[in-house]
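Colleague: okay, here's the prediction I keep looking at, along with the sequence it came from:
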Amino acid sequence: MQTTFLGKILHTPIVLASGVLGNNKAILERVWENGCGLPTMKSIGPAPREGHKNPTVIDLGNGMINAVGLPSPGYLNMEEEWQELSGRTFPINASIYGGSVDEFVRVAEFVSAKGPDFIELNISCPNSDKHGMIFGVNAQSSHDVVAAVKKVIHVPLIAKLTPAAPDIASIAKACEDAGADAICAINTAGPGMVIDIESRSPVLAFKKGGLSGPMIKPIAVRCVYDIFKAVSIPIIGLGGISTGKDAIEIIMAGATLVGIGTAVRYRGISVFDKVTNEISDWLAAHDTTMEKIRGAAHREVR
Amino acid sequence: MQTTFLGKILHTPIVLASGVLGNNKAILERVWENGCGLPTMKSIGPAPREGHKNPTVIDLGNGMINAVGLPSPGYLNMEEEWQELSGRTFPINASIYGGSVDEFVRVAEFVSAKGPDFIELNISCPNSDKHGMIFGVNAQSSHDVVAAVKKVIHVPLIAKLTPAAPDIASIAKACEDAGADAICAINTAGPGMVIDIESRSPVLAFKKGGLSGPMIKPIAVRCVYDIFKAVSIPIIGLGGISTGKDAIEIIMAGATLVGIGTAVRYRGISVFDKVTNEISDWLAAHDTTMEKIRGAAHREVR
Amino acid sequence: MITQLLPAMVTVADKEVHSPEFATLYVNQAIDFKPGQFVMVWIPGVDEKPYTISHHTPDRFGITVEAKGIFSKKAVSLGAGDKIGIRGPFGNGFNMGVAYKRIAVVAGGCGMAPLAPLVEAFQTDTGPEIVLIQGARSKSFLLYPDRFTAKVEICTDDGSKGYKGFVTDILMEKIKKQKIRDLSAASVPAFDMVYACGPEIMMAKVFDICEAHGIPCQVSLERYMRCGFGVCGACVCGHAVVCKDGPVFESKMLRTMADFNTRALLKTGKPVPLNEYTTWRCQ
Amino acid sequence: MITQLLPAMVTVADKEVHSPEFATLYVNQAIDFKPGQFVMVWIPGVDEKPYTISHHTPDRFGITVEAKGIFSKKAVSLGAGDKIGIRGPFGNGFNMGVAYKRIAVVAGGCGMAPLAPLVEAFQTDTGPEIVLIQGARSKSFLLYPDRFTAKVEICTDDGSKGYKGFVTDILMEKIKKQKIRDLSAASVPAFDMVYACGPEIMMAKVFDICEAHGIPCQVSLERYMRCGFGVCGACVCGHAVVCKDGPVFESKMLRTMADFNTRALLKTGKPVPLNEYTTWRCQ
Ligand SMILES: Cc1cc2nc3c(=O)[nH]c(=O)nc-3n(C[C@H](O)[C@H](O)[C@H](O)COP(=O)(O)OP(=O)(O)OC[C@H]3O[C@@H](n4cnc5c(N)ncnc54)[C@H](O)[C@@H]3O)c2cc1C
Ligand SMILES: Cc1cc2nc3c(=O)[nH]c(=O)nc-3n(C[C@H](O)[C@H](O)[C@H](O)COP(=O)(O)OP(=O)(O)OC[C@H]3O[C@@H](n4cnc5c(N)ncnc54)[C@H](O)[C@@H]3O)c2cc1C
Ligand SMILES: Cc1cc2nc3c(=O)[nH]c(=O)nc-3n(C[C@H](O)[C@H](O)[C@H](O)COP(=O)(O)O)c2cc1C
Ligand SMILES: Cc1cc2nc3c(=O)[nH]c(=O)nc-3n(C[C@H](O)[C@H](O)[C@H](O)COP(=O)(O)O)c2cc1C
Ligand code: FES
Ligand code: FES
């Protein structure tokens, strides 16, 4: 299922969602070997950060709630990992975050020099008081951060958006106008909260957390649908995608690539191969191609 | 489980969510007889409106997606229903909507004269192009509509909010400042979209729809938690509440009353009695009261 | 698999055209089913409406549609190979007593659709004696002419076939005859159960007749529907939720159902007299 | 019910204090369990951490905690009636061959916790011959002194009980003895399986010894964990996901596991040499 994305050839159209597994080269490679066309690294931040105390990630059965809190060694402390990655045989998408346009620029410039295949701006993470989210809910700030980062990097830029934006399409458009090469949607939804009634306490140590997995799929599909109408750059669609049929659905909404995070919990690391095969089988059974069905849900029926 | 709410005595703390069943007096009464302390009428609009074509309501298993589209006879065409309701022996909450402050005011003034026990402003419905939602995502507009309506009505005013607001607490505060007597949270989440991949078409005729039921409970709990911190007026908490434990959870987040909509699908009309009994049983087993546990999740553990 | 959740797109396997107005669409798929239950039928880009399952075998079912409005005309125009979305089945079917000795089935127009599988289920060696009364505007509107082993008492409004007049006349007559047969046991009701489906006014008459003669009955109602599973409230009839508590209701419920044969809600939710509402299902 | 989803708040039924540093908390609840699996233990307001199930019967289980940092000190201070949240069990347990004739079990410090239920499971009439080697800093750190019917070979760092030295010395000696016994069949490995848990450096030595003698082994690793079910990536060790692929790993996997006995990730995700990371579990 070879796919070309912003000029790079990927062996499958499936992307590993940022923050899921991608903590070292060995696991990024394993995910790739298991059918992931584009593994994304855990978001890299401007300074060392331990993230929140546990509980940070809870399986709700039909999806997860998490407030990991953007742990990161900090962009200056990853020499060892970049060294190892320099000899890689697979593409990587480097996700980054910052608390200000300046921080985004600093991290992006440094990371760009390390030669990832793409840089993804996480302007949408809800799990931190000061980082990220502020950008992704406002078109002007989204534009500013994308425009500033675009100037200092030498690889394609992907803007990762949050469904918490009142009008995600306008954010996507602002990112496109600012030079983003692609949109990745969506980050976790909500945020939500789960309270343990016996201890009378929120379960997550950070109290609130982002929702992911099957329960947010309708939100992801709607966002991708809205974004597809608003922009002409390609979209990485994710949020609750667990099966080939889910992938077809978000492709029909307008996605070019399909991301998978939470489904690793439900179907194991081989979920990438499984979903790839399920997509091919469906396409073959319907005698069609990814290109033909992309955005199909936008065409009037009959 | 008698409860006093804004001066009215309700036989249980359970509210019927607007838009669910409440289409005539007989069914409102039946819901009340089945343990609902406060039945809410289907939202009443400024003009006759048929709503969207079907499919409008789909069960996703772990919740529903709907775009009914605010059908309403229009406030001027409900004489027969008000006549019947005037002889009622149970309290009602009249939900209303409008496309402008003026429309809200006109509907509210008229409805107030019909003697409902409460008026709920649906400033949060996502299923219409021009109605509702615009108010609920902006603090200033929320303030304006509540302040204007408050002047013309003679019953307590409940503002019903949408989780789509980037900061629901600030909307709630704006409503409180404008004179709202209570907050109802939340309306449906998302919106979402489900695409049927065989017909390559969104399943809902309106394409997008609001999410309700168990899958949005974490969002509802988080919203009530945020609102409880921001306001001192009581909160009707709803969104995915299906069991007594769910009710206890949202009460611990800060709710005074608990609303139920989608759970009617999963547990039948007797869900009101069932949840009431489950709440009493839990309170008895834990030797506590609704008052004692309200907002308990806000207190530091240990 | 067909469930009550998202519509399953299924292929129309074949179509049986009964008359210019009526056709049955068959689908070769298993569906869980009790006579009287209905499915929501979705034609993407058009609309979604409830239809009774009128034919059922373990691996096949059919719905019979009367072409009336935009949706049903579109449905009747579909043919083998076309796809429709199905979710369901919804509602409670007819209650079928195993010990019934004598039943009456009264069908008006396409009210025969839900009743046909019921009749088939009762038509066994050990089943009750069946008095089957079918009425329609005229001959060409009489559904399933050769479907039953039970004898069919036919009436048409125009006398083009069978008795010229109402199904309720025949029902009255049958009850009287039965009473004479039963003279020795005067308190025994003429039928163990009367099942009826057709225009609501016809069902109301059947109900009145049954009440007068101490016979329990079950009728299948119709209201505008959205969800099909008892949440949206579009279909309420008095305190009854037609899609969920019904569509089949027994005498006990009918006695207390405020709006039975009097009112129905339009799409707007406005209650109107039945004649204003139009009994879409079976006029 | 305890599941892998939201933590279930359960009551500590009783506490067994082994020494000032070690205590076992018992919970009278059923939990699905295979020796080697762990649960996430939540103390609201404090933190949540993984602990091996060290005791298990159909309606009761226990975890043994060594007081080290804030969380484990808090856990050890809990007593009967206190509530903790439990989710799990997670991970794969030890593989237990039914045809094993001779196994060795090598425990260092609180590495005995996951191994104890394994030993109990093997201690049947038809079970294998068990060579059980237990090491600790000193006598008071030796867990479960009277728990097993199998004979325990004891070593302490300070010689306060048993052999003064490393568990690996005893393992070597046992392998040699076994080889002499097996002279007639020189190619037969000394043990069908060696199970080990303790400081990672100890487990690495056990692995090396086993490799040198053609003996398969299984060790139980420890890394900082968040989700416990293979999603967050906090616990990766080379290409292995410790919580999900492990925590028990067999020789075949250990051979290719880049970071085994060399590196671990801090909470920030930064990889550091093991000594910098501190083997929290069993020092
Ligand atoms: C439980 C249940 C089971 C059913 N089973 C069957 C079945 O087996 N077979 C079957 O054919 N139908 C059945 N129906 C009815 C079916 O769902 C449709 O209502 C019917 O097919 C007409 O749909 P339509 O969209 O084609 O017509 P519509 O466009 O809805 O119109 C139908 C008729 O009503 C008139 N009309 C429409 N709107 C109004 C209005 N506002 N005021 C006055 N008149 C109006 C139209 O002119 C037309 O004559 C069932 C309904 C229910 C609730
Ligand atoms: C699968 C698995 C099973 C486990 N089973 C058990 C078990 O059965 N029993 C048991 O007791 N434990 C077990 N553990 C370990 C347990 O989860 C905790 O890590 C342990 O109890 C220490 O937690 P703490 O929060 O009290 O200590 P921490 O506060 O985490 O500190 C532990 C030790 O490390 C030092 N330390 C902390 N942070 C750092 C740092 N950044 N750099 C250097 N040193 C640091 C502290 O000073 C202290 O000495 C298991 C772990 C795993 C992964
Ligand atoms: C445990 C966890 C950690 C995550 N961390 C990040 C992150 O660091 N950066 C980011 O952009 N998204 C992060 N996400 C969001 C995912 O990349 C993804 O957008 C979201 O989970 C929706 O996809 P899914 O439903 O397939 O998981 C995280 C998600 C989870 C579940
Ligand atoms: C079919 C349906 C129709 C609804 N219509 C309305 C409405 O007219 N006005 C309104 O304020 N909320 C409406 N809602 C939202 C509910 O009142 C409620 O806020 C939401 O469904 C969350 O609660 P639940 O999860 O218990 O259903 C509707 C919800 C559903 C499912
Ligand atoms: S159709 Fe929705 S309640 Fe009956
Ligand atoms: S703890 Fe999350 S992957 Fe292992």
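Modeller: It's in. Ligands and ions are numbered 1, 2, ... in the order given.

Colleague: first-to-last residue distance for stretch C:252-269?
Modeller: Terminal residues of stretch C:252-269 are spaced 26 Å apart (C-alpha to C-alpha, to the nearest Å).

Colleague: check stretch A:155-170 too.
Modeller: The first and last residues of stretch A:155-170 sit 24 Å apart, counting by C-alpha to C-alpha.

Colleague: so, low pLDDT: which residues of the stretch 1-150 of chain A?
Modeller: Along the stretch 1-150 of chain A, segments meeting pLDDT under 70 span A:125-133.

Colleague: go with 80
Modeller: By pLDDT under 80, the weakly predicted segments of the stretch 1-150 of chain A are A:125-134.

Colleague: in chain A, what residue lies closest to ligand 3?
Modeller: A:Gly19 (1.8 Å; C-beta to the nearest ligand atom). Every residue, glycine included, has its C-beta placed from N, CA and C.

Colleague: residue of the stretch 101-250 of chain C with the smallest distance to ligand 4?
Modeller: Nearest residue of the stretch 101-250 of chain C to ligand 4: C:Cys232, at 4.6 Å (C-beta to the nearest ligand atom).

Colleague: now do the helices in the chain.
Modeller: Because you didn't say which chain, this covers chain A. A:25-33, A:79-86, A:101-112, A:133-136, A:139-152, A:168-177, A:217-230, A:244-253, A:263-267, A:271-285, A:290-293 (DSSP state H).

Colleague: think we crossed wires, I meant chain C
Modeller: Using DSSP H, helices in chain C cover C:70-77, C:112-122, C:167-181, C:200-212, C:242-245, C:251-256, C:274-277.

Colleague: all strands of the stretch 1-150 of chain C, in order?
Modeller: C:8-17, C:22-27, C:38-43, C:47-52, C:55-57, C:60-66, C:83-90, C:102-108, C:129-136 (DSSP state E, counting those that start in this stretch).

Colleague: highest mean neighbour count out of the ones you listed?
Modeller: For these, the largest average neighbour count (mean count of other C-beta atoms under 10 Å in any protein chain shown) is found in strand C:102-108, namely a mean of 27.

Colleague: now do it and helix C:200-212, the angle between them.
Modeller: 160 degrees (axes from the mean of the first three to the mean of the last three C-alpha atoms, to 10 degrees).

Colleague: count the residues that sit near the nearest residue to A:Val57 once chain neighbours are set aside.
Modeller: Nearest residue to A:Val57, sequence neighbours excluded (C-beta to C-beta, 6 or more residues apart in numbering or on different chains): D:Cys227, at 3.7 Å. D:Cys227 is flanked by 27 other residues according to other C-beta atoms under 10 Å in any protein chain shown.

Colleague: surely D:Cys227 meets D:Ala234?
Modeller: Yes: shown here, D:Cys227 and D:Ala234 form a contact pair, counting by C-beta atoms under 8 Å, at 7.4 Å.

Colleague: how many neighbouring residues does A:Leu283 have?
Modeller: If you count neighbours by other C-beta under 10 Å, A:Leu283 ends up with 18.

Colleague: residues contacting it?
Modeller: Going by C-beta atoms under 8 Å, 6 or more residues apart in numbering or on different chains, A:Leu283 touches A:248, A:289-290, A:293.

Colleague: kindly recompute the last result at 6 Å.
Modeller: The contact partners of A:Leu283, taken as C-beta atoms under 6 Å, 6 or more residues apart in numbering or on different chains, number zero.

Colleague: what about it, distance to D:Pro189?
Modeller: The gap separating A:Leu283 from D:Pro189 is 50 Å, by C-beta to C-beta, to the nearest Å.

Colleague: C:Asp32 now?
Modeller: According to C-beta to C-beta, C:Asp32 and D:Pro189 sit 57 Å apart.

Colleague: which of those two has more neighbours?
Modeller: Neighbour count, other C-beta under 10 Å: between C:Asp32 and D:Pro189, D:Pro189 has more, with 17 against 12.

Colleague: is there a neighbour count for the residue nearest to that one when sequence neighbours are not counted? I'd like the number.
Modeller: Spatial nearest neighbour of D:Pro189, excluding adjacent residues (C-beta to C-beta, 6+ apart): D:Ile215 at 4.6 Å. D:Ile215 has 22 neighbours, counted by other C-beta under 10 Å.

Colleague: residue contacts, D:Ile215?
Modeller: By C-beta under 6 Å, 6+ apart, D:Ile215 lies in contact with D:189, D:191, D:194.

Colleague: show me what residue of the stretch 51-200 of chain A gets nearest to ligand 1.
Modeller: Per C-beta to the nearest ligand atom, A:Asn62 is where the stretch 51-200 of chain A lies closest to ligand 1, at 30.9 Å.
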